[in-house]
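Asks: Provide a 3D model corresponding to the input given below.
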Amino acid sequence: GLHIIHVLTYHEVGAHSTLGEQWSVAVSDDRAYLAGLDGLLVIDVAAPSSPAELGSLDGVADTVEVSDGYAYMACRGYGCGYPDNGRLQVVDISVPAEPTEAATIEFASTYAVAASDGYAYVGGSENLRVFDVSAPSAPVEVGSLEVPGVSYEQWSVASSGDSVYVAAGYEGLRVIDVSTRSSPVEVGVVEPGGFASDVAVSGGYVYVADRGGDGLGTTGLRVVEVSTPSAPVEVGFLEWEPGSAGEPRGVAVSGNYAFVADLYSLRVIDVSTPSSPFEVGFIELDALGVAVSGSYAYVTGAGLEVVDISHPAAPVTVGSVAYDPALGFFQKVAVSSGYAYVSGEWHDAVNDRAVKGLRVFDVSTPTAPVEVGVFETSMESLGYSTTGVAVSDGAVFLAAGYAGLYVFNECTRGPSPNAQACLVPAAAVQV
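Replies: Below is the predicted model:
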């Protein structure tokens, strides 16, 4: 329902009961607009002690905003094709007793992104979408491809040249030809050994973090030769030891080594002979995502860990930013020009709410990482967490779940020497 509180005395002065839960409220003039399981409710609050319903519009909505005679209702997941889709309804409220739908925009969630050569490849729902980002402030969708069976949590994307590689969960590894960006086409598939959770590409090989899952396969790192993209072949597999608690969630490759984040550790794998990968190093830490730059691995989980990998057999943490895992977690990470860009969710103690978005850390001194910026996406406690982040050609790309795709200037290339200024997005698009 609706409760009206006096802001000076903090006493309730009026209330209005409703049948369903209400998740958002906006107030304009003498009317309150409630959004929730009842759709949109228009309440007359001219007399705060006696609020009265004026009109309603059926539906389901998570949030509502009001401007210039229109109400804008956003619905994410629940009631909108859960879990992958969303909807924006534009409602004409010029006649409060008869709110009327003026327009509806359907959009899909975004959970993974890779970028190269002026294009961003965005995965979400069951579609891979291709955006021309040569002008970062005005990304344009130029092509898309349905990838059946890939749900919200099963997306990870890597790109190289004219090929995009999708770690598609129980659907295995999918190879997409994007030589014609307007018409991407699937040209190769490697059937799943378990659950393909992340993917990296280097030197004619694709490395797949396979976390098994539901007894459908073994857990470990798979090496796939893609010298002929239309005929990918698994050439190597390192199985985690039986009974291991680890689940590979992230993978990065540098030189002859693959670095696998497997929830409870970072494993260093020698892949100099792709057909015979073997583990050479190990360090215990919370690990969901990993990126490598120079002699350091940047690992996300319960915070950000900076790991010195100059001696692969003996990785050691040299810097960290701690975070209470009970309050959230950091998920994916990309590193460029001395900055680490980290996606995830966390708790805003000031406003006592869940927040999703992007955090930026100056890691130019790896032993002393410092947070320099935070960007909150428009979606808060509902929906799934922000996931994918990528850096390419001076731009940072954030796949923000139901909030869509955000594009930022890379910190060191922004118009201001203040790193936090880079977190003003160049563009935000619903895809």
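Asks: CA atoms for contacts and neighbours, from now on please.
Replies: OK.
Asks: pull the number of nearby residues for S67.
Replies: 11 (other CA atoms under 10 Å).
Asks: is it in a bridge, and if so with what?
Replies: Y70 (DSSP bridges).
Asks: gap between it and A395?
Replies: Using CA to CA, to the nearest Å, S67 is found at 32 Å from A395.
Asks: for F375, same thing?
Replies: Distance from F375 to A395, by CA to CA: 15 Å.
Asks: compare those two (neighbour count), which wins?
Replies: A395 (24 against 17).
Asks: buried ones in stretch 356-366, by neighbour count?
Replies: K356, G357, L358, R359, V360, F361, D362, V363, P366 (16 or more other CA atoms under 10 Å).
Asks: for the protein, which residue occupies the most central location?
Replies: Nearest to the geometric centre of the chain sits T387, at 2.2 Å (CA atoms, centre = their mean).
Asks: remind me which helix or strand it belongs to.
Replies: Assigned by DSSP states H and E, T387 belongs to no helix or strand.
Asks: check contacts around it.
Replies: Shown in contact with T387 (CA atoms under 8 Å, 6 or more residues apart in numbering): Y111, A112, Q331, K332, S343, G344, L398, A399, A400, G401.
Asks: hang on, the earlier thing: could I get the buried residues of stretch 356-366 as TSV with secondary structure and distance to W155?
Replies: Shown next, in TSV, are these (DSSP: H, G, I helix; E, B strand; the rest coil; distance: CA to CA, whole Å):
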residue	secondary structure	distance to W155
K356	strand	18
G357	strand	18
L358	strand	18
R359	strand	21
V360	strand	23
F361	strand	25
D362	strand	28
V363	coil	28
P366	coil	30
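Asks: where does the stretch 51-200 of the chain dip in pLDDT?
Replies: 76-86, 105-109, 149-154 (pLDDT under 70).
Asks: would you map the helices across it?
Replies: With DSSP state H, counting those that start in this stretch, there are no helices along the stretch 51-200 of the chain.
Asks: ok now do R129, which residues does it touch?
Replies: By CA under 8 Å, 6+ apart, R129 lies in contact with Y121, V122, G123, E141, V142, G143, S144, L145.
Asks: just the buried ones from the residues you listed?
Replies: Judged by 16+ other CA under 10 Å, buried ones among those: Y121, V122, G123, E141, G143, S144, L145.
Asks: mind checking how far the residue nearest to S134 when sequence neighbours are not counted is from L8?
Replies: Closest residue to S134 apart from its sequence neighbours, by CA to CA, 6 or more residues apart in numbering: G118 at 4.7 Å. G118 sits 54 Å away from L8, going by CA to CA.
Asks: which residue ranges of the stretch 301-431 of the chain form strands?
Replies: Counting by DSSP state E, counting those that start in this stretch, the segments of the stretch 301-431 of the chain that form strands are 303-308, 316-322, 329-336, 339-348, 353-362, 370-376, 389-392, 395-399, 405-409, 427-429.
Asks: tell me the most buried of these?
Replies: strand 395-399 (a mean of 28; mean count of other CA atoms under 10 Å).
Asks: now it against strand 329-336, angle please.
Replies: Counting by axes from the mean of the first three to the mean of the last three CA atoms, to 10 degrees, strand 395-399 points 160 degrees away from the direction of strand 329-336.
Asks: show me how far strand 395-399 is from its chain's centre.
Replies: 10 Å (CA atoms, centre = their mean, to the nearest Å).
Asks: may I ask which two of the contacts of R129 are separated the most?
Replies: For those, the farthest-apart pair by CA to CA is G123 and V142; their separation is 14.2 Å.
Asks: return the member of the buried ones among the contacts of R129 nearest to S94.
Replies: The closest of the buried ones among the contacts of R129, once distances to S94 are taken by CA to CA, is E141, at 34.1 Å.
Asks: show me where pLDDT drops low in the stretch 301-431 of the chain?
Replies: 324-327, 351, 353, 378-386, 402-403, 412-431.
Asks: A258 contacts I269, correct?
Replies: Yes - under the criterion of CA atoms under 8 Å, A258 makes contact with I269 at 5.0 Å.
Asks: identify the bridge partners of the closest residue to S56 other than its chain neighbours.
Replies: Leaving aside its sequence neighbours, S56 sits nearest to L41 (CA to CA, 6+ apart; 4.5 Å). Counting by DSSP bridges, L41 is bridged to L34, S56.
Asks: before we move on, what about L88?
Replies: Under the criterion used (DSSP bridges), L88 bridges to A74, I105.
Asks: quick one: it from G204, how far?
Replies: 42 Å.
Asks: and those two? which has more neighbours close in?
Replies: Just comparing L88 and G204: by other CA under 10 Å the higher neighbour count belongs to L88, 18 against 12.
Asks: as JSON lines, the contacts of T387 with distance to A35 would be great.
Replies: Formatted as JSON lines, these follow (distance: CA to CA, whole Å):
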{"residue": "Y111", "distance to A35": "26"}
{"residue": "A112", "distance to A35": "29"}
{"residue": "Q331", "distance to A35": "30"}
{"residue": "K332", "distance to A35": "32"}
{"residue": "S343", "distance to A35": "28"}
{"residue": "G344", "distance to A35": "27"}
{"residue": "L398", "distance to A35": "28"}
{"residue": "A399", "distance to A35": "26"}
{"residue": "A400", "distance to A35": "22"}
{"residue": "G401", "distance to A35": "21"}
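Asks: out of the residues you listed, who's nearest G303?
Replies: Q331 (9.0 Å).
Asks: what about the closest one, distance to A112?
Replies: With CA to CA as the criterion, Q331 and A112 are 11 Å apart.
Asks: could you report the neighbour count for the residue lying closest to E191 once chain neighbours are set aside?
Replies: Leaving aside its sequence neighbours, E191 sits nearest to G172 (CA to CA, 6+ apart; 5.0 Å). Residues near G172, counting by other CA under 10 Å, number 21.
Asks: shouldn't G172 be in contact with D198?
Replies: No - look at G172 against D198 with CA under 8 Å: they stay out of range, at 10.4 Å.
Asks: now do the shared contacts for those two.
Replies: By CA under 8 Å, 6+ apart, no residue touches both G172 and D198.
Asks: which of G118 and L8 has more neighbours?
Replies: G118 (15 against 6).
Asks: isn't that one right next to D132, touching?
Replies: Yes - if you go by CA under 8 Å, G118 and D132 touch, sitting 6.2 Å apart.
Asks: so what sits against both of those two?
Replies: Counting by CA under 8 Å, 6+ apart, G118 and D132 have no shared contacts at all.
Asks: please list all residues in contact with D30.
Replies: D44, V45, A46.
Asks: any chance of those in JSON lines, plus neighbour count and pLDDT?
Replies: What follows is the contacts of D30, written out as JSON lines (neighbours: other CA atoms under 10 Å; pLDDT from 0 to 100):
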{"residue": "D44", "neighbour count": "20", "pLDDT": "94"}
{"residue": "V45", "neighbour count": "21", "pLDDT": "93"}
{"residue": "A46", "neighbour count": "13", "pLDDT": "93"}
